[in-house]
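Asks: Here's a sequence, model it:
(one chain, ligands or ions: 2)
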Amino acid sequence: MLLQILRTYLRPYKREIGYVMGLQLVATIASLSLPSLNADIIDKGVVLGDTAYIMRMGGWMLGVTVLQIACTIAAVYLGARSAMAFGRDVRSGFFRQVASFSSREVGKFGAPSLITRNTNDVQQVQMLVMLGFTLMVSAPITMVGGVIMALREDVGLSWLVAAAVPVLVAATGFIISRMVPGFRRMQRYLDDVNRVMREQITGIRVIRAFVREPHESGRFGAANDDLSDVSIDVGRWMSAMFPTVMFVMNASSVAVLWFGGIRIDEGLMQIGALTAFITYLVQILMAVMMSTFMLVMVPRASVSADRIGEVLGTSSSVVPPEEGITEVNTRGGLEFREVGFTYAGAEHPVLCDVNFSAAAGQTTAIIGSTGAGKSTLLNLIPRLFDVSEGTITVDGVDVRDFDPEALWQRIGLVPQKAYLFSGTIASNLRYGKPDATEEEMWEALEIAQATDFVSAMSDGLDSDVAQGGTNLSGGQRQRIAIARAIIRQPEVYLFDDSFSALDVATDARLRQALRPVTRDATVLIVAQRVFTITEADQIVVLEDGDVVGLGSHDELLTTCPTYQEIVESQLKAEAS
Ligand code: GTP
Ligand code: MG
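Replies: Ligands and ions are numbered 1, 2, ... in the order given. This is a model prediction of the structure:
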């Protein structure tokens with residue numbers, strides 16, 4: 001998966017990556033030549049007292065250093081830019097994929113996990129890419145080139161390189177192998193912390209009301225402790241890394257000095273060669289350490305890549321048609337034909353064999369006890385889910401054959417849980433119609449009985465709305481959501497229990513105002529209160545997903561026992 005993601009998302013940056021590699025190559029060669037120049041200065045210049053030679057070679061060294069610095073800066077700059085662009089592309093690809101998901105797929109991963117995947121997991125892969133840019137060229141060349149250069153200085157000490165490298169590899173390899181399982185757990189615990197935190201922020205009012213704060217704090221504490229425990233575990237090994245590496249490096253430097261000193265005594269080696277040898281050895285060990293370090297990141301990044309790939313590889317269960325229908329000339333209303341629906345993983349169908357049709361200009365009410373499947377029925381129309389059986393048609397066209405935009409354009413949905421976006425009242429209304437004028441907005445608010453409180457707000461249409469609309473009351477939120485649907489002037493209105501938070505008088509006024517607007521539209525109203533729907537052209541009575549009654553209020557009163565029960569219970573409640 002890691003390779004696949006890298007291949008796909010790095011392809012656009014091939015050229016930049018080429019430049020980075022080239023620059024790194026030059027910088028590495030430059031840094032490899034420095035110790036040897038230095039050795040020449042000591043052995044041929046300082047020892048013989050040749051100042052001109054020292055100046056000349058010193059100038060060379062300065063030039064090489066400047067070249068190395070320039071190349072490194074350019075390579076790091078370009079590399080970082082490409083790595084960041086890579087991260088951005090993965091995130092946007094991920095986002096587009098998630099946006100295409102139906103509620104089913106979002107539910108499968110869970111929102112918190114999707115967020116972690118698109119932020120932290122992408123970052124892990126991005127870090128690997130960045131490190132890869134720096135090391136891919138420089139590490140192997142330093143290792144091979146360093147060995148060659150060291151041998152050129154002195155063959156007699158080469159056994160020290162042969163001894164130090166395996167020791168370093170073994171030591172760092174051991175430490176890293178201890179850290180890898182921790183990395184895997186870390187990503188999972190990060191998900192947990194995010195999930196608990198999110199749940200608590202969203203549910204903070206409920207938590208307070210039920211005095212569950214100690215319990216919730218405990219739950220967060222547990223997730224947080226898990227994460228910190230595993231981080232500390234990993235950190236402990238990580239902290240052992242640096243001293244180990246330094247120990248190996250310094251020990252081998254001492255060994256070089258020791259054995260080199262003996263060779264210099266015997267006249268087999270020069271002092272400059274010795275210093276150069278030490279520098280090469282350190283360069284080689286450095287490269288080895290960095291490569292092992294990069295190898296650590298590979299398993300971690302591949303865990304993350306798997307998590308990203310899982311999402312990228314999931315296709316939505318609601319697939320838009322290849323060539324969706326955009327234009328329909330007839331206004332045929334809405335029809336349910338033998339519709340059945342089962343939630344993924346659920347044993348029993350939520351809806352079975354639902355049949356009814358609603359013509360343009362008609363109002364259809366849906367009533368039934370909680371959990372009867374009313375919201376589910378409504379959500380099938382804009383394809384938040386796809387039906388398991390049967391068909392739903394809008395204007396005589398199967399909703400699955402519509403171009404999604406064209407379908408949604410025809411539908412004005414007021415969901416049961418009125419959700420508003422952070423922004424202003426106006427920006428929320430413009431979700432319904434992007435080019436709505438102020439007059440249109442006020443008109444829609446007027447119908448939705450929202451003028452009073454919106455004009456009472458300090459900035460009117462430009463008043464702030466918090467995320468989720470939490471700075472408005474439930475009823476206010478519902479009315480804004482209704483206005484958002486009205487402003488769109490759709491062919492099909494879907495009101496999912498949208499009047500429940502309104503008081504009886506407002507409810508009546510709202511329905512009165514709606515009537516002229518929805519004269520030519522198909523209206524579906526899910527309602528709890530019977531009197532909200534007595535005037536509906538037809539009423540669908542749902543019970544456990546089955547249609548047990550279909551007809552007008554008066555018809556149902558005589559034919560449908562379930563409906564009679566509902567009416568009676570509400571009358572009784574009113575009387576008492
Ligand atoms: P109220 O809004 O309370 O009046 O109920 P409703 O008639 O709108 O019920 P809804 O359509 O929301 O749910 C019908 C049934 O489907 C219930 O038994 C739920 O438990 C079930 N259900 C709803 N949403 C989901 C879901 O996302 N997954 C699963 N597996 N079941 C669901
Ligand atoms: Mg519902």
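Asks: Over to Gly412. Which of the three states is it?
Replies: Assigned with DSSP: H, G, I helix; E, B strand; the rest coil, Gly412 falls in the strand class.
Asks: Look up how far Ile5 lies from it.
Replies: Note on Gly412: its distance to Ile5, by CB to CB, to the nearest Å, is 40 Å. Bear in mind the C-beta positions are built from the backbone N, C-alpha and C, glycine included.
Asks: And the residue of the stretch 201-350 of the chain closest to ligand 1?
Replies: Tyr343 (3.3 Å; CB to the nearest ligand atom).
Asks: Contact partners for the one residue in the stretch 101-250 of the chain that gets nearest to ligand 1?
Replies: Sorted by distance to ligand 1 under CB to the nearest ligand atom, the residues of the stretch 101-250 of the chain start with Gly107, at 5.9 Å. Neighbour list for Gly107: Ala344 [criterion: CB atoms under 8 Å, 6 or more residues apart in numbering].
Asks: Which SSE is immediately downstream of the host helix or strand of it?
Replies: Under the criterion DSSP states H and E, the helix or strand holding Gly107 is helix 103-109. On the C-terminal side of helix 103-109, the closest following helix or strand by DSSP H and E is helix 111-116.
Asks: how far does that next one sit from the chain's center?
Replies: For helix 111-116, the distance from its own C-alpha centre to the chain's C-alpha centre is 6 Å (CA atoms, centre = their mean, to the nearest Å).
Asks: Report the separation between the residue of the stretch 101-250 of the chain closest to ligand 1 and Val414.
Replies: Gly107 sits 22 Å away from Val414 when distances are taken as CB to CB.
Asks: same deal with Ala209?
Replies: Remark: distance between Ala209 and Val414 (CB to CB) = 27 Å.
Asks: who's more crowded, the two?
Replies: Neighbours per residue (other CB atoms under 10 Å) separate Ala209 from Val414, with Val414 holding more: 25 against 9.
Asks: close enough to count as contact, that one and Ile480?
Replies: No - under the criterion of CB atoms under 8 Å, Val414 lies out of contact with Ile480, with a separation of 9.9 Å.
Asks: ok and the residue in the protein nearest ligand 2?
Replies: Among the residues of the chain, Ser375 lies nearest to ligand 2; the distance is 3.0 Å by CB to the ion.
Asks: check contacts around that residue.
Replies: 416, 496-497, 526.
Asks: what's the model's confidence in the helix or strand containing it, averaged?
Replies: Element membership of Ser375 [criterion: DSSP H and E] is helix 374-380. In this model, helix 374-380 carries a mean pLDDT of 92.
Asks: Mind checking what helix or strand follows it in sequence?
Replies: Under the assignment DSSP H and E, the closest C-terminal helix or strand after helix 374-380 is strand 389-394.
Asks: Would you mind listing what in the protein touches ligand 2?
Replies: In this structure, the chain approaches ligand 2 at residues 375, 416, judged by CB under 5 Å from the ion.
Asks: So in the chain, where's the weakest helix or strand by average pLDDT?
Replies: Using mean pLDDT, DSSP states H and E, the weakest-scoring helix or strand in the chain turns out to be helix 204-209, at a mean of 82.
Asks: in it, what counts as buried?
Replies: Residues of helix 204-209 classed as buried under the neighbour-count rule (16 or more other CB atoms under 10 Å) are Ile207.
Asks: Can I get it as CSV, trimmed to CA atoms?
Replies: Once non-C-alpha atoms are left out, helix 204-209 reads as follows in CSV (Å, rounded to 0.1, in the frame of the first residue of the first chain):
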residue,chain,number,x,y,z
ILE,A,204,-20.7,17.9,26.8
ARG,A,205,-24.2,19.2,27.7
VAL,A,206,-25.5,15.7,28.2
ILE,A,207,-22.5,14.8,30.3
ARG,A,208,-23.0,17.7,32.6
ALA,A,209,-26.7,17.2,32.9
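Asks: average pLDDT across the helix or strand just after that helix?
Replies: Beyond helix 204-209 in the direction of the C-terminus, DSSP H and E gives the next helix or strand as helix 213-265. Mean per-residue pLDDT for helix 213-265: 91.
Asks: so what's the residue nearest the centre of the chain closest to, chain neighbours aside?
Replies: Centroid check for the chain by CA atoms, centre = their mean gives Asn118 as the closest residue, at 3.1 Å. Taking CB to CB, 6 or more residues apart in numbering, and ignoring the residues beside it in sequence, Asn118 has Phe94 as its nearest neighbour in space, at 4.8 Å.
Asks: same question, Glu543
Replies: If the residues on either side of it in the chain are set aside, Glu543 comes closest to Thr562, at 5.4 Å by CB to CB, 6+ apart.
Asks: From the contact counts, what lies against the host helix or strand of the one you found?
Replies: Of the helices and strands defined by DSSP H and E, Thr562 is found in helix 561-575. Judged by 3 or more CB pairs under 8 Å, 6 or more residues apart in numbering; DSSP states H and E, the packing partners of helix 561-575 are strand 538-543, strand 546-551, helix 553-559.
Asks: Report the contact partners of the residue nearest to Glu543.
Replies: Taking CB under 8 Å, 6+ apart as the definition, contacts of Thr562 comprise 541, 543, 548-549.
Asks: so can I have TSV of the residues you listed showing pLDDT, neighbour count and distance to ligand 1?
Replies: Putting those into TSV (pLDDT from 0 to 100; neighbours: other CB atoms under 10 Å; distance: CB to the nearest ligand atom, whole Å) gives the following:
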residue	pLDDT	neighbour count	distance to ligand 1
Val541	92	25	12
Glu543	90	18	10
Val548	92	16	13
Gly549	91	21	15
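Asks: Turn these into JSON lines, columns for distance to Tyr19.
Replies: Formatted as JSON lines, the entries for these read as follows, by distance: CB to CB, whole Å:
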{"residue": "Val541", "distance to Tyr19": "70"}
{"residue": "Glu543", "distance to Tyr19": "69"}
{"residue": "Val548", "distance to Tyr19": "71"}
{"residue": "Gly549", "distance to Tyr19": "73"}
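Asks: Of those residues, which is the nearest to Leu334?
Replies: Ranking these by separation from Leu334, with CB to CB as the measure, puts Val541 on top at 17.7 Å.
Asks: Could you measure from that closest one over to Ile525?
Replies: 13 Å.
Asks: And the residue nearest to the centre of the chain, its phi and psi?
Replies: In this entry, Asn118 is assigned phi and psi values of phi -80, psi -10 (degrees, to the nearest 10).
Asks: Surely it and Arg91 touch.
Replies: Yes - with contact defined as CB under 8 Å, Asn118 reaches Arg91; the gap is 5.6 Å.
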